[in-house]
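Novice: got a sequence here, can you model it:
(chains A, B and C)
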Amino acid sequence: MMLITFDNPVFVTYAIACLLMSLKYLIQGWATVGAMIRTDSGLLNPEDLQKTPFNPNPREEQLKPAESVARSRRMQRNDTENLPPFFAAGLLFVLTEPSLLIAQIVFYGYVAARLGHTLAYATGQIHEIRAGFFSVGSLLNMAMAGWTLFVLAA
Amino acid sequence: MMLITFDNPVFVTYAIACLLMSLKYLIQGWATVGAMIRTDSGLLNPEDLQKTPFNPNPREEQLKPAESVARSRRMQRNDTENLPPFFAAGLLFVLTEPSLLIAQIVFYGYVAARLGHTLAYATGQIHEIRAGFFSVGSLLNMAMAGWTLFVLAA
Amino acid sequence: MMLITFDNPVFVTYAIACLLMSLKYLIQGWATVGAMIRTDSGLLNPEDLQKTPFNPNPREEQLKPAESVARSRRMQRNDTENLPPFFAAGLLFVLTEPSLLIAQIVFYGYVAARLGHTLAYATGQIHEIRAGFFSVGSLLNMAMAGWTLFVLAA
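Specialist: Residues are numbered from 1 along each chain as shown, chains lettered A, B, ... in the order given. Model prediction:
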């Protein structure tokens, strides 16, 4: 039976979650760019202080990121620390042939947790809220990976 | 012939390696959390200095990470710099239909090298040991990717 | 019909792009190592200042990275922020069965944009050039992910 195909509803669930998370991953980069433009700060390289059409008035202080830029970069780092193993383990979890309901709970639950984390981070909620969303996402991901390993070992 | 299936022992070898590395990737995040709790330091955001049940006594110095927190974050960064191309290239390498023995050497050798790197990093071994494990893992990964490209070009 | 197979030219296009980007991802790590050796700087850990055969003359200042080391690390971070969602979304895009021409434009266009970014970054070109290559790559990746989502929703 073919499992890695858009005819398999479980795989489609994975694909939707994976694509939403891929977009989120990339949009966060543009959020950083937007914060850099709004605050005229957060440049990373010496050559970025050259006078160009986009930077007509270069100043040393542009190398210091405003809090909004630094925050968006921390959010990007959090994505790099969490999403790649979701992409990888999620695909393998599909091959354990979970029920569609379980797959939807795990995959869409993960997406919801990560978007909750993003919202909490972007709006500066207290640590407990952000950490709660992080934890749900990370534990769902680890449960998927652990369960798939268990199925392979059984 | 179906290759991306748990009926293919070479793919199962990839899957086990990929899942172990996914778990390692995520557990390192929890190691950072654990080090933050033990040292009461390493907070990243201004809002983390609000007084909450989990942080009853907030202080500016909590923003400075203890060495154990910073170390675990460096280990996370090293994972982000190495594991995603393993997930990707490993899957494609399976499609070159290597012998099971070769697949086990490459995939489990990679896992062993990365776990050796983790152990050496966590226990502060000299640079040569840590770099040795890093090198074995990175070279195995590059060999897989290079070989698969060669097969596709041939 | 089997799509995830080297018999499918669209998948082969993805595989070649994915493998080239995996190699680039890993080679950047070795570029950092090379810059560390050339500048005798950029060590990350206290234990790296122990006297060993590879570091016969350890000095505190070795912990400060030279610009070439810091630059290569920024390039690695940029890879971690961009390539994983390409690996993931690219695979799913193959399953939408695009024409071979479209697949080649998207996948090889992405590779060209990322290599252009690498070259611009490594040689310190002005921000506009580097940002232009970044933008093309990121937008192609987002277009792939968005299109695949659209196909799944339709």
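Novice: contact partners for the closest residue in space to A:Q50 that isn't next to it in sequence?
Specialist: Closest residue in space to A:Q50, ignoring its immediate chain neighbours: C:I126 at 5.3 Å, by C-beta to C-beta, 6 or more residues apart in numbering or on different chains. No exception for glycine: its C-beta is placed from N, CA and C like everyone else's. Counting by C-beta atoms under 8 Å, 6 or more residues apart in numbering or on different chains, C:I126 makes contact with A:E47, A:D48, A:Q50, A:T52.
Novice: show me what from chain A comes close to chain C.
Specialist: When proximity is defined by C-beta under 8 Å from any C-beta of the partner chain, chain A lies next to chain C at A:2, A:4-6, A:12, A:15-16, A:18-23, A:25-27, A:29-30, A:33, A:43-48, A:50, A:52-55, A:76, A:79-80, A:83-84, A:87.
Novice: compute the first-to-last residue distance for stretch A:58-68.
Specialist: Stretch A:58-68 has an end-to-end distance of 20 Å (C-alpha to C-alpha, to the nearest Å).
Novice: mean confidence for that stretch?
Specialist: Regarding stretch A:58-68, the rounded mean pLDDT is 95.
Novice: neighbours of A:P53, how many?
Specialist: Residues contacting A:P53 under the criterion other C-beta atoms under 10 Å in any protein chain shown number 7.
Novice: got the phi/psi numbers for it?
Specialist: Dihedral angles of A:P53 (phi, psi; degrees, to the nearest 10) stand at phi -50, psi -40.
Novice: number of nearby residues for A:K24?
Specialist: Counted with other C-beta under 10 Å, A:K24 comes out at 19.
Novice: that one against A:R114, yeah?
Specialist: Yes: at 6.8 Å, A:K24 counts as touching A:R114 under the criterion of C-beta atoms under 8 Å.
Novice: residues in contact with stretch A:147-154?
Specialist: Outside of stretch A:147-154, the residues within contact range by C-beta under 8 Å, 6+ apart are A:A89, A:L92, A:F93, A:L95, A:T96, B:F6, B:V12, B:A15, B:I16, B:L19, B:L20, B:L23.
Novice: stretch A:88-103 too?
Specialist: A:3-4, A:8-11, A:13-14, A:17-18, A:106-107, A:110, A:141, A:144-145, A:147-148, A:151, B:4-6, B:15, B:18-19, B:21-22, B:87.
Novice: dump it to PDB, keeping only the CA atoms.
Specialist: Coordinates of the C-alpha atoms in stretch A:88-103 are reproduced here as PDB (Å, rounded to 0.1, in the frame of the first residue of the first chain):
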ATOM      1  CA  ALA A  88      11.800  14.300   9.600                       C
ATOM      2  CA  ALA A  89      10.000  12.400  12.400                       C
ATOM      3  CA  GLY A  90       6.500  13.400  11.100                       C
ATOM      4  CA  LEU A  91       7.200  11.800   7.700                       C
ATOM      5  CA  LEU A  92       8.300   8.500   9.400                       C
ATOM      6  CA  PHE A  93       5.300   8.600  11.800                       C
ATOM      7  CA  VAL A  94       3.000   8.500   8.800                       C
ATOM      8  CA  LEU A  95       4.500   5.200   7.900                       C
ATOM      9  CA  THR A  96       3.300   3.700  11.200                       C
ATOM     10  CA  GLU A  97      -0.200   4.100   9.700                       C
ATOM     11  CA  PRO A  98      -1.800   5.900  12.700                       C
ATOM     12  CA  SER A  99      -5.600   6.500  12.500                       C
ATOM     13  CA  LEU A 100      -6.600   9.700  10.800                       C
ATOM     14  CA  LEU A 101      -7.900  11.100  14.100                       C
ATOM     15  CA  ILE A 102      -4.600  10.400  15.900                       C
ATOM     16  CA  ALA A 103      -2.700  12.000  13.000                       C
END
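Novice: pull out the buried positions in it.
Specialist: Across stretch A:88-103, burial judged by 16 or more other C-beta atoms under 10 Å in any protein chain shown covers A:A88, A:A89, A:G90, A:L91, A:L92, A:F93, A:V94, A:L95, A:T96, A:P98, A:A103.
Novice: for A:F11, see how far away the fourth one is.
Specialist: As defined by C-beta to C-beta, to the nearest Å, A:L91 lies at a distance of 9 Å from A:F11.
Novice: common neighbours of the two, please.
Specialist: A:I4.
Novice: quick one, what contacts A:K24?
Specialist: Neighbour list for A:K24: A:D79, A:R114, A:L115, A:T118 [criterion: C-beta under 8 Å, 6+ apart].
Novice: one more: A:N141?
Specialist: Residues in contact with A:N141 (C-beta under 8 Å, 6+ apart) are A:N82, A:P85, A:F86, A:A89, A:G90, A:Y110, B:S22, B:L26.
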